[in-house]
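A.B. asks: Here you go, sequence then predicted model.
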Amino acid sequence: MHPLLARAAELAADFRGTLADRPVAPAVDHAALRSAFGGPLPPHPTPPSEVLEQLARAAGPGLVGTAGPRFFGFVIGGALPAATAADVLAAGWDQNGFNAVLSPAAAAAEDVAGGWLKELLGLPAGASTGFVTGGQAANTAGLAAARHHVLAEAGWDVERDGLAGAPRVRVVASEERHATVDRALRLLGFGTRVVEPVKAGPQGAIDVEDLRRVCAAGTGPLIVCLQAGNVNTGACDDLRAAREAAGGAWIHVDGAFGLWAAANPETRGLLDGVELADSWACDGHKWLNVPYDSGFVFCARPDVHAAAIAYRAAYLTGAGEVSGMGDLTLESSRRARGFAVWAAVRELGRDGVAELVGRCCRLARRFAGKLADGGAEIANDVVLNQVLVSFGGDTDALIRKVQDDGTCWLGGTTWRGRRYLRISVSGWSTTEADVDRSAAAILRLAGQCAGQ
């Protein structure tokens with residue numbers, strides 16, 4: 001194992017060392033890539049060292065520099081050095097993070113890291129923390145807790161009796177909610193038609209007066225979904241005012257990346273009142289820059305969280321005994337992702353997390369300024385790390401040119417009926433020079449598109 005794992009670490013480090021200079025997205029011959037991985041089913045065993053080298057050769061041409069300094073798509077932050085190394089250790093240790101019986105070390109790491117996360121994000125110290133795969137799992141678990149609570153308050157045991165015949169649950173959410181909220185509602189048996197939409201303001205934050213109107217328009221069990229960080233603009237809902245408008249409803253906050261604004265004094269005001277919610281969803285593999293996959297669900301009522309998620313079986317030693325780990329997530333068998341989270345927060349500390357968030361916001365504003373100076377339209381107020389850009393003309397053609405050029409990588413989005421380039425500045429290694437180089441490439445390519 002020593003030479004094998006040493007070689008794996010060497011290959012990984014070599015790749016990471018090239019990210020600042022290589023094209024972000026390689027020109028991929030998909031047939032050749034598939035062929036490199038393909039061939040007939042191997043009839044005989046292959047030495048592990050040969051397997052490792054074959055894997056590295058086959059994968060190399062198809063690796064995208066998502067961990068590098070000029071990847072600005074999908075709110076992806078490249079994993080921090082300590083978090084990356086911790087994940088290598090976690091793979092080597094091969095711990096199952098279901099409960100403290102299977103891995104006391106994993107349980108302790110999650111317990112401590114969870115406390116640190118709540119402090120950074122301004123959440124109640126007594127809230128439960130589930131280490132999940134990402135925003136989808138976090139929204140699903142948080143809304144499962146909401147479903148349990150509002151129906152229990154109405155005298156219905158949804159875990160035992162299901163939704164057939166249950167009191168009708170109202171779900172109120174912004175018209176600009178993230179799609180993972182809708183999928184969570186599908187998976188939880190509500191369906192998407194249950195949503196009572198609320199208008200959004202000019203930048204995509206929820207219209208609090210319309211929220212008040214919608215909430216008052218009906219009766220019965222009520223769940224309100226709010227947002228910290230609009231996926232297009234970065235705008236955050238007025239959480240304090242929304243709490244007042246929603247009355248006694250269960251409030252779930254989808255804060256996949258925007259919840260991290262609370263960790264920086266300059267942006268913390270955007271999340272005033274965040275502690276007043278009942279459940280929260282957040283990602284680690286976005287702004288905390290830990291390896292995939294990593295997300296968090298928090299719940300102000302740990303007993304409700306566990307009641308909605310936990311299960312018991314005769315063979316599962318420790319199941320249901322402690323409201324933690326497997327009682328708070330949807331997986332029984334999962335890797336111990338808390339080690340990487342612990343390492344990331346230990347590496348950065350409170351000041352480092354604040355600086356990371358603040359720097360990404362400053363770089364996003366720099367990006368917007370450079371592009372605006374070159375003639376682009378910036379469609380949003382750049383309050384966090386999101387920038388919407390238009391040069392007019394064929395936006396998708398420009399996006400393809402930028403991606404093929406390889407200087408940087410960004411995607412597109414449709415917001416309020418128009419196509420935009422969508423830039424997300426989320427990586428710990430991104431510098432002003434990376435932004436300037438990327439902006440220059442985008443302006444050059446935009447000029448080429450305009451001249452065609």
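C.D. replies: Arrived safely. Just so we're clear, the structure is a prediction, and the values are computed from it rather than from any experiment.
A.B. asks: Could you list the buried residues of stretch 186-198?
C.D. replies: Neighbour-count burial for stretch 186-198, counted by 16 or more other C-beta atoms under 10 Å, picks out L188, F190, V194, V195, E196, V198. For glycine as for every other residue, the C-beta is placed from the backbone atoms N, C-alpha and C.
A.B. asks: so what's G204 up against?
C.D. replies: Counting by C-beta atoms under 8 Å, 6 or more residues apart in numbering, G204 touches S174, E176, N230, N232, T233, A235, N380, W415.
A.B. asks: who wins for most neighbours among these?
C.D. replies: S174 (27 neighbours; other C-beta atoms under 10 Å).
A.B. asks: what's across from the closest residue to it other than its chain neighbours in the sheet?
C.D. replies: In space, and not counting its chain neighbours, S174 is closest to I206: 4.4 Å by C-beta to C-beta, 6 or more residues apart in numbering. Bridge pairing for I206 (DSSP bridges) gives the partners A200.
A.B. asks: Show me what the lengthiest helix in the chain packs onto, helices and strands only.
C.D. replies: Criterion DSSP state H: the longest helix present in the chain is helix 338-373. The contact analysis (3 or more C-beta pairs under 8 Å, 6 or more residues apart in numbering; DSSP states H and E) places helix 338-373 against helix 81-93, helix 104-121, strand 377-378, strand 386-390, helix 432-451.
A.B. asks: Return the set of buried residues in the fourth one.
C.D. replies: Within strand 386-390, the residues scored as buried using 16+ other C-beta under 10 Å are Q386, V387, L388, V389, S390.
A.B. asks: The helix or strand just after it to strand 386-390, inter-axis angle?
C.D. replies: Using DSSP states H and E, the next helix or strand after strand 386-390 towards the C-terminus is helix 395-405. Using axes from the mean of the first three to the mean of the last three C-alpha atoms, to 10 degrees, the direction of helix 395-405 lies 120 degrees away from that of strand 386-390.
A.B. asks: Tell me the gap between the next helix or strand after helix 395-405 and the middle of its chain.
C.D. replies: Per DSSP H and E, the first helix or strand lying C-terminal to helix 395-405 is strand 411-415. The chain centroid and the centroid of strand 411-415 are separated by 18 Å, computed with C-alpha atoms, centre = their mean, to the nearest Å.
A.B. asks: so S333 is in which element?
C.D. replies: S333 belongs to no helix or strand, assigned by DSSP H and E.
A.B. asks: Tell me how far L443 lies from V382.
C.D. replies: According to C-beta to C-beta, to the nearest Å, L443 stands 18 Å off from V382.
A.B. asks: ignore the last one, G358
C.D. replies: 13 Å.
A.B. asks: Compare these two (neighbour count), which wins?
C.D. replies: V382 (21 against 16).
A.B. asks: which residues does that one contact?
C.D. replies: So V382 contacts G234, C361, A364, R365, A368 (C-beta under 8 Å, 6+ apart).
A.B. asks: of those residues, closest to F72?
C.D. replies: Set against F72, the nearest of those by C-beta to C-beta is A364 (9.1 Å).
A.B. asks: Does anything pack onto the host helix or strand of V181? Which helices or strands?
C.D. replies: Secondary-structure assignment from DSSP H and E places V181 in helix 179-187. Helix 179-187 sits against helix 135-153, with contacts defined as 3+ C-beta pairs under 8 Å, 6+ apart.
A.B. asks: Phi and psi next, for A173.
C.D. replies: phi -150, psi 160 (degrees, to the nearest 10).
A.B. asks: For the closest residue to A308 other than its chain neighbours, list the residues it contacts.
C.D. replies: In space, and not counting its chain neighbours, A308 is closest to H148: 3.9 Å by C-beta to C-beta, 6+ apart. The contact partners of H148, taken as C-beta under 8 Å, 6+ apart, are V158, E159, V304, A307, A308.
A.B. asks: Mind checking what secondary structure the last one has?
C.D. replies: Read that as A308. helix (DSSP: H, G, I helix; E, B strand; the rest coil).
A.B. asks: who's in contact with it?
C.D. replies: Applying C-beta under 8 Å, 6+ apart, the residues near A308 are A141, A144, A145, R147, H148, H149, E159.
A.B. asks: cool, the third one as well?
C.D. replies: Contacts of V304 were listed using C-beta under 8 Å, 6+ apart, and they are A145, H148, H149, A152.
A.B. asks: what about the last one, neighbour count?
C.D. replies: Under the neighbour criterion other C-beta under 10 Å, A152 is assigned a count of 16.
A.B. asks: now swap in the first one and tell me
C.D. replies: Burial measure for A145: 31 neighbouring residues, criterion other C-beta under 10 Å.
A.B. asks: Please report how far it lies from G122.
C.D. replies: 19 Å.
A.B. asks: Spit out the contact partners of the closest residue to L187 other than its chain neighbours.
C.D. replies: Counting by C-beta to C-beta, 6+ apart, L187 lies nearest to T140, which is 5.8 Å off, once chain neighbours are set aside. T140 is in contact with T180, R183, A184, L187, L188, L330, counting by C-beta under 8 Å, 6+ apart.
A.B. asks: picking that back up, and which of the contacts of V304 is nearest Q452?
C.D. replies: Of the contacts of V304, the one sitting nearest to Q452 (C-beta to C-beta) turns out to be A145, at 52.9 Å.
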